[in-house]
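Undergrad: no sequence for this one, just the structure:
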């Protein structure tokens, strides 16, 4: 199924917004609601989750979304008249 340019742009914008909200909620959640203690790397567990593991997971998720959802398209308007 081929989407129009406008539909594809809206789809990409929705995914970008969803990824942004997911990252903010995840970062705040891990940063403020993680248990106390030290993690595997010796940092506080909240820091490891919010600033090391979650960003790595998010990079993988973003890479996957860009490969699957985003499409290369020509946005130039041809004026041949």
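TA: Perfect, I can see it now. Only a predicted model underlies this, so the values are computations on that prediction, with no experimental measurement involved.

Undergrad: leaving out sequence neighbours, find the closest residue to residue 52.
TA: residue 41 (7.0 Å; CB to CB, 6 or more residues apart in numbering). (C-beta placed from N, C-alpha, C; glycine too.)

Undergrad: contacting residues around the residue nearest to residue 49 when sequence neighbours are not counted?
TA: Nearest non-adjacent residue to residue 49, counting by CB to CB, 6+ apart: residue 30, 3.8 Å away. Contacts for residue 30 (CB atoms under 8 Å, 6 or more residues apart in numbering) come out as 46, 49, 50, 54.

Undergrad: contacting residues for the last one?
TA: Looking back up the chat, that one is residue 54. 26, 27, 30.

Undergrad: what's the longest helix in this structure?
TA: Determined from DSSP state H, the single longest helix within the chain is helix 5-33.

Undergrad: sorry, back to before: tally of neighbours for the residue nearest to residue 52?
TA: Close neighbours of residue 41, defined as other CB atoms under 10 Å, add up to 10.

Undergrad: what about this protein, any weak spots by pLDDT?
TA: 1, 77-81 (pLDDT under 70).

Undergrad: could you measure from the most centrally placed residue in it over to residue 37?
TA: Central residue of the chain (CA atoms, centre = their mean): residue 19, 3.7 Å from the mean position. From residue 19 over to residue 37 the distance is 29 Å, taken as CB to CB, to the nearest Å.

Undergrad: residue 35 contacts residue 45, doesn't it?
TA: Yes - counting by CB atoms under 8 Å, residue 45 is a contact partner of residue 35 at 6.1 Å.

Undergrad: returning to that earlier point: need the contacts of residue 30 in CSV (columns: secondary structure).
TA: Listed next are those as CSV, based on DSSP: H, G, I helix; E, B strand; the rest coil:
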residue, secondary structure
46, helix
49, helix
50, helix
54, helix
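
Undergrad: turn those residues into JSON lines, columns for distance to residue 3.
TA: What follows is those, written out as JSON lines (distance: CB to CB, whole Å):
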{"residue": "46", "distance to residue 3": "41"}
{"residue": "49", "distance to residue 3": "37"}
{"residue": "50", "distance to residue 3": "36"}
{"residue": "54", "distance to residue 3": "31"}
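
Undergrad: sweet, I'm off.
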